[in-house]
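Asks: Provided below are the primary sequence and the corresponding predicted coordinates.
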Amino acid sequence: MVTRVCVVGSGGREHALADVLGRSAEVVVTPGNAGIPGSVPTPPEEVEADLFVIGPEVPLVDGLADRLRAQGALVFGPGADGARLEGSKRWMKDLLVAAGVPTARHGSFTEVEPAVAFLDTLGDLFVVKTDGLAAGKGVLVTGDRAEAAEDIRAKLSGASFGEAGRRVVVEEGMTGPELSVFAVCDGTEALALTPARDHKRVGDGDVGPNTGGMGAYAPVPGVDAELVLEVMERAVLPTLHRLRVEGVDYRGALYAGLMLTPEGPKVIEYNVRFGDPEAQVVLPLLRSDLADLLASAAEGSLRPVLDVSPEHAVTVVCAAPGYPAAPRVGDLVDGVEEARAEPGVQVFCAGVGPGPEGGLVTAGGRVLSVTGRGQDLPAARERAAAGLRHISFPGMHARSDIGADRRG
Ligand code: AMP
Ligand code: GLY
């Protein structure tokens, strides 16, 4: 029986985790933020809890799950071995190939010449990625071969991404709508949550620079149970199996970033955690006891059934002026309680700090996200918009078209 859960992290995803876990358990969040109830500054290794849920990739890649398990804790989140799926794109791609999972054809390189020569074996869309973690910014997708070659040089020289770029993965560009599928894994078995789609570009109509994510919606029209089953059977389960062969007991969230290509779904990448902001739509739709579900995965005996609401959810991120390049911080945030008073609306806090009189000020690029739930996608969009109308801070920007595209 899980009575006390510790969530590690400080973003909107962790707020959503804390909120949904809080339906059945006491929750502490470390370090959390000024907008997440139960936030404590105590390091996770010093927190007492029946279950630890690690939100972001950096502590996972850094081995926090291993350290907590060594202390005897029950942990939802892979060890450093499994987290290499996100920590090294080369390792991830090699594992996918070994597991026979459909993905873009690729090569990995530490030298400029063979990397540039590999471009000529690709079609007319080129992708250049840093091998290491680059906070979601290490990927170039371009139809311009010269730009791709220049990017290879900048990454390998260490000029653009430091050590993370000293090895690059070069791959063929794929086309099609994207899809995020989160699987809760217990080392052997996996359960898919509601499929979601996020919007990474800063501006309406998917224009402007890439961000950590400006909004998301779930479920995705046109993505039926059969497609999710195909993703599980052709990607997630073979990946888990291959991880076991390599000695990795993967207990945590496996996030399959997919492209729905004309030849079927292909894996763009794996992340070793829930997505942010997708968690802010997927988790609120869950009716099952999340603490019990994640504990069962952490114990290696996943509960086989999920109860999910038939509703739809849309979340819209409110971003600080200057985000993603250089967000301005320190502005007063207004209207959070008023937004929460709207029916079917939740507000999840991310880049916020303590403000005057118990209020909040902006403290990061993605300040908060407003989730609306409704009987269909348009109703959920309308709810999110109703919540959003109350939120304001100087220079705030938010997309108005989250969930408006109907591509399947
Ligand atoms: P990643 O950090 O690997 O998720 O890549 C960020 C984004 O780059 C993805 O969400 C895709 O939109 C795009 N991307 C990555 N790899 C490819 C590819 N092989 N073909 C087309 N787009 C890609
Ligand atoms: N929403 C994209 C991510 O969490 O990486």
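Replies: That came through, no problem. Ligands and ions are numbered 1, 2, ... in the order given.
Asks: and the stretch 201-350 of the chain, which residues reach ligand 2?
Replies: Proximity of the stretch 201-350 of the chain to ligand 2 (CB under 6 Å from any ligand atom) is limited to residues Gly213, Asn271, Gly275, Asp276, Glu278. Every C-beta, even on glycine, is put in place using the N, C-alpha and C of the backbone.
Asks: what's the local residue count around the second one?
Replies: Number of residues near Asn271 (other CB atoms under 10 Å) recorded here: 22.
Asks: wait, what's in contact with Gly79?
Replies: Contacts for Gly79 (CB atoms under 8 Å, 6 or more residues apart in numbering) come out as Gly63, Ala65, Asp66, Arg69, Val248, Asp249.
Asks: near the fourth one, how many other residues are there?
Replies: Okay, so that is Arg69. Using other CB under 10 Å, Arg69 has 17 neighbouring residues.
Asks: show me the contacts for the residue lying closest to it once chain neighbours are set aside.
Replies: Leaving aside its sequence neighbours, Arg69 sits nearest to Val75 (CB to CB, 6 or more residues apart in numbering; 5.4 Å). Shown in contact with Val75 (CB under 8 Å, 6+ apart): Leu51, Phe52, Val53, Ile54, Ala65, Leu68, Arg69, Arg251, Ala298.
Asks: next one: phi and psi at the second one?
Replies: Phi and psi for Phe52, reported as degrees, to the nearest 10, are phi -110, psi 130.
Asks: isn't it right up against Leu68?
Replies: Yes - applying CB atoms under 8 Å, one finds Phe52 in contact with Leu68, separated by 5.3 Å.
Asks: joint contacts of the two?
Replies: Pro44, Val75.
Asks: if we can go back for a sec, could I get the contacts of Gly79 as TSV with pLDDT, distance to ligand 1 and secondary structure?
Replies: What follows is those, written out as TSV (pLDDT from 0 to 100; distance: CB to the nearest ligand atom, whole Å; DSSP: H, G, I helix; E, B strand; the rest coil):
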residue	pLDDT	distance to ligand 1	secondary structure
Gly63	98	22	coil
Ala65	98	22	helix
Asp66	98	25	helix
Arg69	98	28	helix
Val248	97	20	coil
Asp249	98	25	coil
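Asks: which of those has the most neighbours?
Replies: Counting neighbours by other CB under 10 Å, the top entry in these is Ala65, with 28 neighbours.
Asks: how about the contacts made by it?
Replies: Ala65 neighbours (CB under 8 Å, 6+ apart): Phe52, Ile54, Val75, Gly77, Pro78, Gly79, Ala80, Ala83, Gly252.
Asks: and the fourth one, how far from Glu46?
Replies: When you say that, I think you mean Gly77. Distance of Gly77 to Glu46, given as CB to CB, to the nearest Å: 18 Å.
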